[in-house]
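# Just the structure for this:
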Amino acid sequence: MFTAYRIHYSNARGYLFDSWPIPAIRPTMTLSAVRELEKLVSFNTVNDGKDKKASSECPRYIGSKLEEFGFISELIESNGFYTSFARRGQGKSKILFLAHHDVVPVGDAWDSDPFKLKVAGDRAYGRGTCDDKGNIVSMLLLAEKLAKSDLPCSVMMATTGDEEIGGRNGALFLRNYLIKQGLFPDYIVIADGIHQQVIYRRRNTVPTHIKVKRRASDTRGKKETIRFTTEVFGSDTRHSAYLRPGVDRHAMLAASKYLDLHPDTVVSDIRGAFLKSNVVPNWVEMDLVHSDESGEKTQYDAALTDLLRSLLTISQVPFPTMPSDKGTIINPNLLSLDRDLWTLYCDIRAMTNDGKAVQQALETALAGKVELFSLQSKAGAGYIDSNPDSPLIRTVVWALQKEGIPPRLVEGSGASDSRYFAGQGADLFDFGPEGDNLHGPNEWVSLASLEQNAAFFHTLLEVLSRDKSPV
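Take a look at the predicted model:
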């Protein structure tokens, strides 16, 4: 046993130091991917950007597991969000593995308890299995391998607690912390991907809020309530970034299309499975009034009707952007009423950092169609466009081939914490296990791929720690 020092950092209190004994390393123990994933999934780490957020319980557990393999663990806090950070080893190269332990809200249509791991063959089901706790399991398996090999490099592992709501108190805070501590890495593996693909490009997220003031109007007609559902081809994912216009159906856009087909129909109210900014609502219901002079006199909301009727227009607004394999998407994912003000949140994904151009394009498209109270598009954290021929990516391809994993270099669909580290002098890429339905019901991960990824990570570290690379 020996004593190390844990640093606990917060904006309000500064640095606090306390000592604790690190258990002796047990290199003969064998971690079980299933047991570790079961434990991680059991932590309810839902972040909804409102009143729910991940506590310190899960990151403390992750830190304690890494301590068993000789890592020095720290718990970093910023504005009530927690990051587990650990490091071990010394050498000329510093490599960071970064994942996140927070998850999106559960939603409906699950076949099992989202916080109890369900294993069927090679598939393990539960919220966060694929996004992103499966990646954390691969990191723990890697830590076990490092305890036995002791490579000549400095390995850092971190899991953040707010990736699903922007990452500013997690990845951004960690980046600045590492810079201050002189620990900024040479290489970064963002353990937040899918299908064992090497992700070297990602679109920017341009958060956009459109507000209109409620306008009550009278009409005569027949009332009807109609439900519209989201349908994604070949998957149950509800991750906004994974939708492909022209193939998948967004419930809100389907509702807008209905109004387009029925120009004499107006809307009195709407409700839906509005969960989070980057989660497509599984369903929405509109309370409608079909115009009919013989019908009863009733009220409707003219502003809401105009806004919903314009969603198709909003979703196809053109603005300057770099080419993207995944295309440009504008998904109206959240709609809420606060007193007399409707707020529509649109999740915009594009290869642009120009929020002003996006805002201008939307304002022009909506002129004369919607009485805007306000419209604001923010620049976002930026898009990722790494060099696929960089020394790191060439080494990644070599390591994947050595481990029998076919190398596939792709553009990722969603955003990740990589956006906070790009352009800071470190080479990076995103990578993750085989799985599906992230942000949707019955999210799953391939258990075999967790083991494979750990082996790949270890081989990658072996090469990066050498004086001379084989590629």
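
# L460 versus the closest residue to S390 other than its chain neighbours, what's the distance?
Once flanking residues are discounted, S390 sits nearest to D427: 5.5 Å by CB to CB, 6 or more residues apart in numbering. Every C-beta, even on glycine, is put in place using the N, C-alpha and C of the backbone. Distance, D427 to L460, by CB to CB, to the nearest Å: 12 Å.

# okay, those two: which has more neighbours?
L460 (24 against 20; other CB atoms under 10 Å).

# Three-state assignment for that one, please.
Secondary structure, DSSP: H, G, I helix; E, B strand; the rest coil: L460 is helix.

# Could you check how far it is from G70?
19 Å.

# got it, and D306?
Taking CB to CB, one finds D306 at 62 Å from G70.

# ok, now S42?
For S42 relative to G70 (CB to CB), the value is 26 Å.

# again with H262
66 Å.

# and what of T328?
46 Å.

# what about those two, which has more around it?
Applying other CB under 10 Å to T328 and G70 shows that T328 carries more neighbours, namely 22 against 18.

# any idea which element the nearest residue to that one once chain neighbours are set aside lies in?
Of all residues not flanking T328 in the chain, A350 sits nearest, at 4.4 Å (CB to CB, 6+ apart). A350 belongs to strand 341-350 when assigned by DSSP states H and E.

# Buried ones in that strand, by neighbour count?
W342, L344, Y345, C346, D347, I348, R349, A350 (16 or more other CB atoms under 10 Å).

# Please name the residues that touch the closest residue to the third one other than its chain neighbours.
For Y345, the nearest residue in space outside its immediate sequence neighbours is L334; the separation is 3.8 Å by CB to CB, 6+ apart. L334 makes contacts with F274, K276, S277, P281, T343, L344, Y345, as judged by CB atoms under 8 Å, 6 or more residues apart in numbering.

# what does L375 give?
T208, H209, I210, K211, Q359, L362, E363, L366.

# ok, 10 Å please
T208, H209, I210, K211, V212, L344, C346, Q359, Q360, L362, E363, L366 (CB atoms under 10 Å, 6 or more residues apart in numbering).

# Repeat that for R35.
Per CB under 10 Å, 6+ apart, neighbours of R35: L117, V137.

# partners of the longest strand anywhere in the chain in the sheet?
If you go by DSSP state E, the chain has its longest strand at strand 216-229. When pairing is defined by DSSP bridges, strand 216-229 lines up against strand 283-291 (antiparallel), strand 296-301 (antiparallel).

# So which bits of the first one are buried?
Of the residues in strand 283-291, those scored as buried under the neighbour-count criterion (16+ other CB under 10 Å) are W283, V284, E285, M286, D287, L288, V289.

# Is the fifth one bridged to anything, and to what?
In this structure, D287 bridges to T225, D269 when assessed by DSSP bridges.

# and it, how far is that from T230?
19 Å.

# ditto for the first one
Relative to T230, W283 is positioned 7 Å away (CB to CB).

# Can you check which residues contact both of those two?
Any residue near both W283 and T230 by CB under 10 Å, 6+ apart counts here, and that gives A251, M252, A254, G272, A273.

# wouldn't the fourth one be in contact with V279 here?
No - with contact defined as CB atoms under 10 Å, G272 does not reach V279; the gap is 11.3 Å.

# can you give me the strands for the stretch 151-300 of the chain?
Per DSSP state E, counting those that start in this stretch, the stretch 151-300 of the chain carries strands over the ranges 154-160, 187-190, 198-202, 204-213, 216-229, 265-272, 283-291, 296-301.

# so the residue lying closest to L460 once chain neighbours are set aside, which of the three states?
The shortest distance from L460 to any residue other than its chain neighbours is 4.4 Å, reached at A399 (CB to CB, 6+ apart). Under the three-state scheme (three-state DSSP), A399 adopts helix.

# from the shared contacts of W283 and T230, which ones fall inside helices?
Among the shared contacts of W283 and T230, DSSP state H puts A251, M252, A254 in helices.

# quick one on the thing from earlier: and the residue nearest to S390, bridged to which residues?
Note on D427: beta-bridge partners Y187, judged by DSSP bridges.

# who touches it in this structure?
185-188, 200, 386-387, 390-393, 395-396, 421, 464.

# ok, of the residues you listed, which come out buried?
Counted by 16+ other CB under 10 Å, the contacts of D427 give P185, D186, Y187, I188, Y200, S386, L392, I393, T395, V396, F421, L464 as buried.

# With distance to G414 and pLDDT as extra columns, can I get those residues in JSON lines?
Below are the buried ones among the contacts of D427 laid out as JSON lines (distance: CB to CB, whole Å; pLDDT from 0 to 100):
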{"residue": "P185", "distance to G414": "23", "pLDDT": "96"}
{"residue": "D186", "distance to G414": "26", "pLDDT": "94"}
{"residue": "Y187", "distance to G414": "22", "pLDDT": "95"}
{"residue": "I188", "distance to G414": "17", "pLDDT": "96"}
{"residue": "Y200", "distance to G414": "14", "pLDDT": "93"}
{"residue": "S386", "distance to G414": "16", "pLDDT": "87"}
{"residue": "L392", "distance to G414": "21", "pLDDT": "93"}
{"residue": "I393", "distance to G414": "20", "pLDDT": "94"}
{"residue": "T395", "distance to G414": "25", "pLDDT": "96"}
{"residue": "V396", "distance to G414": "20", "pLDDT": "97"}
{"residue": "F421", "distance to G414": "16", "pLDDT": "92"}
{"residue": "L464", "distance to G414": "26", "pLDDT": "94"}
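
# Before we go further, G70 is sitting in a strand, right?
No - G70 is assigned coil when assessed by three-state DSSP, not a strand.

# isn't it right up against D150?
Yes - shown here, G70 and D150 form a contact pair, counting by CB under 10 Å, at 8.4 Å.

# which one is the residue located most distally from the centre of the chain nearest to, not counting chain neighbours?
Most distant residue from the mean C-alpha position of the chain: S294, 50.5 Å away (CA atoms, centre = their mean). In space, and not counting its chain neighbours, S294 is closest to R220: 7.6 Å by CB to CB, 6+ apart.

# residues near that neighbour, how many?
13.

# how about the helices of the stretch 51-200 of the chain, start to end?
57-67, 134-149, 171-180 (DSSP state H, counting those that start in this stretch).

# Which secondary structure elements does the second one sit against?
Under the contact criterion of 3 or more CB pairs under 10 Å, 6 or more residues apart in numbering; DSSP states H and E, the helices and strands touching helix 134-149 comprise helix 33-42, helix 57-67, strand 81-88, strand 94-100, strand 154-160, strand 187-190, strand 444-446, helix 447-464.
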